[in-house]
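> Need coordinates for the below:
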Amino acid sequence: MGERPPADWTAEYERTGRVEFPLRRMAFAVRSTPVFLILVPLIVLSATSIGNSNAVAKLAMVLAGLGFLLGVGGVSWQLITRKPYLIVDADGIQLGRRAILWPGFAMARLPAGRRGNRYVALKPVDARGLEIRVSQVSVQDLDAFAHWLNALRDSRRTAEGDARADHG
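Modelled structure (predicted):
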């Protein structure tokens, strides 16, 4: 869904009351690759000299290797499951375990960050609350996503205001 246009997001939200943005595999893989390209040569170089090392250096190498394997496992799991999902539904916005409910959602800011590491900050009403940062790993067109989310917030507030006026 993150590679589709906002009209598709709106149609899905109106049809089901929920839009799921699974992890975009290619964007995530491209973002993760530089870390592994740096670590692999370091581990290989260290492994070739492990026979000449003391016990502390050997322990550090083993721990670095385990960390590398855990990293590969974590990235692989995310690529297979496409998690964490970004979910926009009737309750609010959720990315992984972090969520902002609609009453506590102030706005989606315009994209920030450098090329390849851009994100949209979702600001809570409470200034002390933590923002959620949505990157291009979840949504390709961050400008459109920010505008769509703000428009959805506004339409929800208008609908809630109309519902209160009808019952008031």
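
> Which other helices and strands does the helix or strand bottoming out on mean pLDDT in the chain contact?
The least trusted helix or strand in the chain, going by mean pLDDT, DSSP states H and E, turns out to be helix 25-48, with a mean of 72. Applying 3 or more C-beta pairs under 8 Å, 6 or more residues apart in numbering; DSSP states H and E, we find helix 25-48 packed against helix 55-81. Where you see a C-beta, it was placed from the backbone N, CA and C, and this is true even at glycine.

> quick one: the helix it packs on to chain centroid distance?
Helix 55-81 sits 22 Å away from the centroid of its parent chain (C-alpha atoms, centre = their mean, to the nearest Å).

> by how many degrees do it and helix 25-48 diverge?
With axes from the mean of the first three to the mean of the last three C-alpha atoms, to 10 degrees defining the directions, helix 55-81 sits at 160 degrees from helix 25-48.

> Next secondary structure after helix 55-81?
Heading C-terminal from helix 55-81, the first helix or strand you meet, by DSSP states H and E, is strand 86-89.

> what's in contact with that next one?
Outside strand 86-89, the residues within contact range by C-beta atoms under 8 Å, 6 or more residues apart in numbering are 2, 9, 13, 17-21, 93-95, 134, 138-139, 149, 152.
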